[in-house]
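In: mind looking at a prediction? Sequence and model below.
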Amino acid sequence: MPTIDSITNTNNAATFATQKNDAMSKDAFLELMIAQLQNQDPLEPMDGTDYSAQLAQFSSLEQLQNINNSINQSIDANYLLTQSISNTMTAALIGKDVKIASDSIDFTGQSDTGIGYELPADAKNVEVKIFDDAGTLVKTFTDLKNDKGEYKLSWDFTDNDDKNVSHGKFRVEVTAETLDGEDMVAAQYLIGNIDGVRFTSSGTAILVDGVEFAVSNIFEILEADNSLTDGSNDDDNEEG
């Protein structure tokens, strides 16, 4: 019958098979099976049917592991290929004007930035307000075009007193009223030119007028002949 040492060896093999693993690997499975053979009772050896069943299980485990490795390699290869194609296509966008789904402006020294808005119907009153990072109103655009359509504005990073604002983050807010005086939901976005692409560990980023955005922020690429109408009715459209 098995000795204390043989029982200990079998237990050690079982411990190795399950240590630091939720699922048994093929090497651990094989070691456990060998330990069973080495420490079986010579008077009651393992039944041939049981042994064959364990060999079949080992073969199935190995095949499943090989399939899993192949799938993981295929996924990694497809990811790298997709990323390479995405990088190539994104680089081709350099020089294009785009609409950016964002209401946040990061002023780092650029000369101006484009702000776009779209009215779903004719409006009675339209205003574009810009707030600094502390929530203070620094710029207001009034007397804007209010017919149904898409419009753009250019902000030169001056406040309502025509003084240059400090570097930092700013938020854009577009408000509009219907002809009946009710609130109107007007789409708003930023407009800029892609002047660079940056490849980072977290994905591809684009530089729009020197400011970094995720590619996912782009929702429309503007053709050269698809320039938006200037939303200003005159040159003096700021209020304090």
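Out: Cool, got the structure. Residues are numbered from 1 along each chain as shown.
In: quick one: the strands in this structure?
Out: Across the chain, reading from the start of the chain, the strands by DSSP state E fall at 97-100, 104-107, 113-119, 123-132, 137-141, 149-155, 168-178, 183-184, 187-200, 203-208, 211-214, 218-222, 229-230.
In: hmm, who's touching the second one?
Out: Contacts with strand 104-107, where a contact means C-beta atoms under 8 Å, 6 or more residues apart in numbering, come from 113, 130, 155, 157, 165-172, 190, 211. Bear in mind the C-beta positions are built from the backbone N, C-alpha and C, glycine included.
In: hmm, try it at 6 Å
Out: Defining contact as C-beta atoms under 6 Å, 6 or more residues apart in numbering, one finds that strand 104-107 is touched by 113, 157, 167, 169, 170, 171, 211.
In: returning to that earlier point: quick one: closest of the strands of the chain to residue 161.
Out: Closest of the strands of the chain to residue 161 is strand 137-141, at 9.4 Å (criterion: C-beta to C-beta).
In: tell me which residues in that closest one are buried?
Out: Under the neighbour-count criterion of 16 or more other C-beta atoms under 10 Å, strand 137-141 has 138, 139, 140, 141 buried.
In: identify the residues contacting it?
Out: Strand 137-141 is contacted by residues 128, 129, 130, 131, 132, 153, 159, 160, 165, 237, 239 when judged by C-beta under 6 Å, 6+ apart.
In: which of those are buried?
Out: Neighbour-count burial within the contacts of strand 137-141 applies to 128, 129, 130, 131, 132, 153, 159, 165, 237; the criterion is 16+ other C-beta under 10 Å.
In: now flag whichever of the buried residues of strand 137-141 is closest to residue 202.
Out: Of all these, residue 202 sits closest to residue 138, with 31.5 Å by C-beta to C-beta.
In: count the neighbours of the nearest residue in space to residue 188 that is not next to it in sequence for me.
Out: Ranked by C-beta to C-beta, 6 or more residues apart in numbering and with sequence neighbours excluded, the top spatial neighbour of residue 188 is residue 174, at 4.3 Å. Using other C-beta atoms under 10 Å, residue 174 has 25 other residues around it.
In: how much space between residue 174 and residue 150?
Out: In this structure, residue 174 lies at 12 Å from residue 150, with C-beta to C-beta, to the nearest Å as the measure.
In: now residue 103
Out: Applying C-beta to C-beta, the value for residue 103 to residue 150 is 16 Å.
In: and residue 144, what are its bridge partners?
Out: For residue 144, the beta-bridge assignment (DSSP bridges) gives partners residue 232.
In: that one: neighbouring residues, count only.
Out: Residues lying near residue 144 (other C-beta under 10 Å) number 21.
In: and for the one 3 residues further on?
Out: Around residue 147 sit 11 other residues, with neighbours defined as other C-beta under 10 Å.
In: can we start the residue count at 47 from this point?
Out: Fine by me, first position is 47 from now on; the one you just mentioned is residue 193.
In: out of the contacts of strand 183-187, which two sit at the greatest distance?
Out: Comparing every pair within the contacts of strand 183-187 by C-beta to C-beta identifies 178 and 283 as the most remote, at 19.8 Å.
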